[in-house]
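Q: Need a 3D model of the sequence below.
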Amino acid sequence: MLRALRGATDEQIVVANDARASEWFPGFRVVPDEEQGLGPLAGIRTALEAADGASVIVVAWDMPYVEAPLLRGMRALCDIGADAVVPEHGAGQVLEPLCACYAASALPVVRELLANGERRASALIEVLPTVVRIPDRLLESHGELDKLFASVDDLPTLIGLGGQMP
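A: Residues are numbered from 1 along each chain as shown. You can find the predicted model right below:
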């Protein structure tokens, strides 16, 4: 994931609550959640706060098949005015809120959701005013849909912070 994020962002940070994360990712800025145990939505809040007004590309570490071109495309759509850009795939139109780009404008919404007890990252996609959903027909050019978003649980989330398009 670091390779993909490096190809799509100028800076990368790790959102992780494990005290050993700095050892796992030497040389990277590691930021823990302000309040642990609030789930993925809190991780998105942490990323947006750490970005200090920049858009963020959030990618769960457990998605090893996501590549930089997809992330660059998502960032480009976010940078022209979307509050979020998220892949949506499969017959059930599965959303991938932990492989998405979020504009700084999403932060107040994330905070409100958390204050109301919400923890699901998908809840953010449900309420943001401007969400671009990337459909299968566009995702297919970025890899096999069966494995593109395949995951392994319980690993840190990496975040890419904005910057200039290459």
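
Q: Nearest residue to the middle of this structure?
A: Val58 (1.6 Å; CA atoms, centre = their mean).

Q: Quick check: which helices or strands does the helix or strand encompassing that residue pack against?
A: Using DSSP states H and E, Val58 maps to strand 56-60. In terms of contacts (3 or more CB pairs under 8 Å, 6 or more residues apart in numbering; DSSP states H and E), strand 56-60 is packed against helix 2-6, helix 40-51, helix 68-79, strand 99-102, strand 157-161. Heads up, the C-betas are built off the backbone N, CA and C, glycines and all.

Q: most packed of these?
A: Counting by mean count of other CB atoms under 10 Å, strand 99-102 has the highest mean neighbour count of the helices and strands packed on strand 56-60, with a mean of 28.

Q: That one pairs with which strands, parallel or anti?
A: Take DSSP bridges as the rule and strand 99-102 pairs in its sheet with strand 56-60 (antiparallel), strand 84-89 (antiparallel).

Q: relative to helix 68-79, how tilted is the longest one?
A: Looking back up the chat, that one is strand 84-89. Angle of strand 84-89 versus helix 68-79, following axes from the mean of the first three to the mean of the last three CA atoms, to 10 degrees, is 130 degrees.

Q: ok, back up a step: which stretch among the helices and strands packed on strand 56-60 comes nearest Arg119?
A: Taking CB to CB, helix 40-51 is the member of those nearest to Arg119, at 5.3 Å.

Q: between that closest one and strand 56-60, how big is the angle?
A: 140 degrees.

Q: What's the separation between Glu35 and Gly43?
A: Using CB to CB, to the nearest Å, Glu35 is found at 11 Å from Gly43.

Q: who does the residue nearest to the centre of the chain bridge with?
A: Beta-bridge pairing for Val58 (DSSP bridges): Ala100, Ile159.

Q: quick one on the thing from earlier: just the CA coordinates for the strand holding Val58, please, in PDB.
A: Output of strand 56-60 as PDB, limited to C-alpha atoms (Å, rounded to 0.1, in the frame of the first residue of the first chain):
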ATOM      1  CA  VAL A  56      -6.900  12.400   2.200                       C
ATOM      2  CA  ILE A  57      -6.800   9.100   0.500                       C
ATOM      3  CA  VAL A  58      -7.600   6.500   3.000                       C
ATOM      4  CA  VAL A  59      -6.500   2.900   2.200                       C
ATOM      5  CA  ALA A  60      -6.800   0.100   4.700                       C
END
